[in-house]
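A.B. asks: Here's my sequence, what's the structure:
(one chain, ligands or ions: 2)
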Amino acid sequence: MKRLFMNNAIPEIDIIKCDGCGDCIGSCPGGAVAIVDGKATVINAELCTYCTDCEELCSMEAIRCPFEIVISLHEQDEK
Ligand code: SF4
Ligand code: SF4
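C.D. replies: Numbers count the residues shown, from 1 in each chain. Ligands and ions are numbered 1, 2, ... in the order given. The predicted structure follows:
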């Protein structure tokens, strides 16, 4: 069985790729990101719901919301 975990996860931002367009700021329902020194920055991590909207909108592929996939091999882990 595969399970998705996102414990306290925040988006990863590649500041080399980010052109500071601000599209991800407008897409963020929680107000978790802002432009700081011309680059997208997570300024309120606790407000990020990890909805992935920012990743989907970024044309530069500069912001990513990776998920960790854990595969359980034990039957008892699924209870
Ligand atoms: S949408 Fe992408 S390129 Fe634009 S500010 Fe956000 S991370 Fe940077
Ligand atoms: S994942 Fe969602 S809540 Fe988190 S920074 Fe991106 S748009 Fe905002």
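A.B. asks: From here on, just use CA atoms for contacts and neighbour counts.
C.D. replies: OK.
A.B. asks: Show me which residues of the chain are close to ligand 2?
C.D. replies: Of all the residues in the chain, those in contact range of ligand 2 (Cα under 6 Å from any ligand atom) are 27-30, 32-33, 48-54.
A.B. asks: could I get these as a markdown table with secondary structure and distance to Glu61?
C.D. replies: Shown next, in a markdown table, are the residues of the chain next to ligand 2 (DSSP: H, G, I helix; E, B strand; the rest coil; distance: Cα to Cα, whole Å):
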| residue | secondary structure | distance to Glu61 |
| --- | --- | --- |
| Ser27 | helix | 15 |
| Cys28 | coil | 16 |
| Pro29 | coil | 19 |
| Gly30 | coil | 20 |
| Ala32 | coil | 18 |
| Val33 | strand | 16 |
| Cys48 | coil | 19 |
| Thr49 | coil | 19 |
| Tyr50 | coil | 16 |
| Cys51 | coil | 16 |
| Thr52 | coil | 12 |
| Asp53 | helix | 12 |
| Cys54 | helix | 10 |
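A.B. asks: List only those of those flagged as buried.
C.D. replies: 27-28, 30, 32-33, 48, 50, 52-54 (16 or more other Cα atoms under 10 Å).
A.B. asks: wait, what's in contact with Leu47?
C.D. replies: 30-32 (Cα atoms under 8 Å, 6 or more residues apart in numbering).
A.B. asks: quick revisit: got a markdown table for the buried ones among the residues of the chain next to ligand 2, with pLDDT and distance to Pro66 too?
C.D. replies: Output for these, formatted as a markdown table (pLDDT from 0 to 100; distance: Cα to Cα, whole Å):
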| residue | pLDDT | distance to Pro66 |
| --- | --- | --- |
| Ser27 | 90 | 18 |
| Cys28 | 94 | 17 |
| Gly30 | 87 | 18 |
| Ala32 | 95 | 17 |
| Val33 | 96 | 17 |
| Cys48 | 94 | 14 |
| Tyr50 | 93 | 10 |
| Thr52 | 94 | 9 |
| Asp53 | 95 | 12 |
| Cys54 | 96 | 12 |
